[in-house]
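Trainee: 3D, please:
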Amino acid sequence: MSNLKPVQSTDEARARGRAGGVASGKARREKKSLRERLQALLDSRVGDMTGLDAAAHALFERVLSGDVKAFEILAAHTGQAPRQTLEPIDLPDVKTVADLPAFTAALLRAVAGGRLTVAEGNQLAALAGVHGKVLELSELERRISALEKGDAGHE
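Mentor: Below is the predicted model:
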């Protein structure tokens with residue numbers, strides 16, 4: 001793959017950039033053309049149905065035959081997708097870094113008890129980690145301010 005070789009000159013960099021720009025424009029035009037052709041098909045008539053109705057019917061037939069991906073597409077487009085928000089669970093407040101172990105233990109219990117999925121537990125644990133870093137920075141800022149105030153009086 002020649003495009004992975006390092007650029008040797010500014011002329012070569014310009015040539016590669018120009019080629020990339022041309023290729024990008026071509027790809028955008030092809031995508032636009034495909035979108036327009038697909039829209040024309042969806043708007044056209046297929047027997048007594050529109051193309052959109054026929055596509056929806058075909059998707060539904062695939063769902064009925066057990067196609068999981070078709071079911072996911074159908075569910076996502078009809079508002080029946082799996083939950084994207086957490087069910088309310090009781091978690092302890094995290095006001096200091098010292099509160100984090102109790103919080104993560106409660107997360108583990110919620111995952112183990114099936115009240116949270118592993119993915120939800122991981123997301124909440126990641127948020128707790130970020131919150132812990134914010135708490136640490138806040139505590140450091142408080143300590144530095146206290147030291148600076150104390151030092152100001154000794155000059």
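
Trainee: And the strands in this protein?
Mentor: Shown for the chain, the strands assigned by DSSP state E span residues 45-46, 49-50.

Trainee: give me the low-pLDDT residue ranges for this structure?
Mentor: Scanning the chain with the threshold set as pLDDT under 70 gives 1-3, 80-87, 151-155.

Trainee: Give me the domain ranges for it.
Mentor: 8-77, 97-152 (automatic domain parsing).

Trainee: With distance to P88 and mean neighbour count as new columns, can those domains be given to me in JSON lines?
Mentor: Every C-beta, even on glycine, is put in place using the N, C-alpha and C of the backbone. Compiled in JSON lines, the domains of the chain are given as follows (distance: least, Cβ to Cβ, whole Å; neighbours: other Cβ atoms under 10 Å):
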{"stretch": "domain 8-77", "distance to P88": "23", "mean neighbour count": "12"}
{"stretch": "domain 97-152", "distance to P88": "9", "mean neighbour count": "13"}
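
Trainee: Quick one, which of those gets closest to L91.
Mentor: Shortest distance between L91 and the domains of the chain, using Cβ to Cβ, is found for domain 97-152: 5.0 Å.

Trainee: so how far is that closest one off the chain centroid?
Mentor: Relative to the mean C-alpha coordinate of its chain, domain 97-152 is positioned 22 Å out (Cα atoms, centre = their mean, to the nearest Å).

Trainee: Any figure for the gap between T117 and A110?
Mentor: 10 Å (Cβ to Cβ, to the nearest Å).

Trainee: If you could redo that for K32, that was the one I meant.
Mentor: Taking Cβ to Cβ, one finds K32 at 47 Å from A110.

Trainee: same question, R142
Mentor: 32 Å.

Trainee: Over to D11?
Mentor: 60 Å.

Trainee: L52: what's it in contact with?
Mentor: 42-43 (Cβ atoms under 8 Å, 6 or more residues apart in numbering).

Trainee: give me that answer again for 7 Å
Mentor: The contact partners of L52, by Cβ atoms under 7 Å, 6 or more residues apart in numbering, come to L42.

Trainee: next one: A13
Mentor: A13 sits in contact with V7, where contact means Cβ under 7 Å, 6+ apart.
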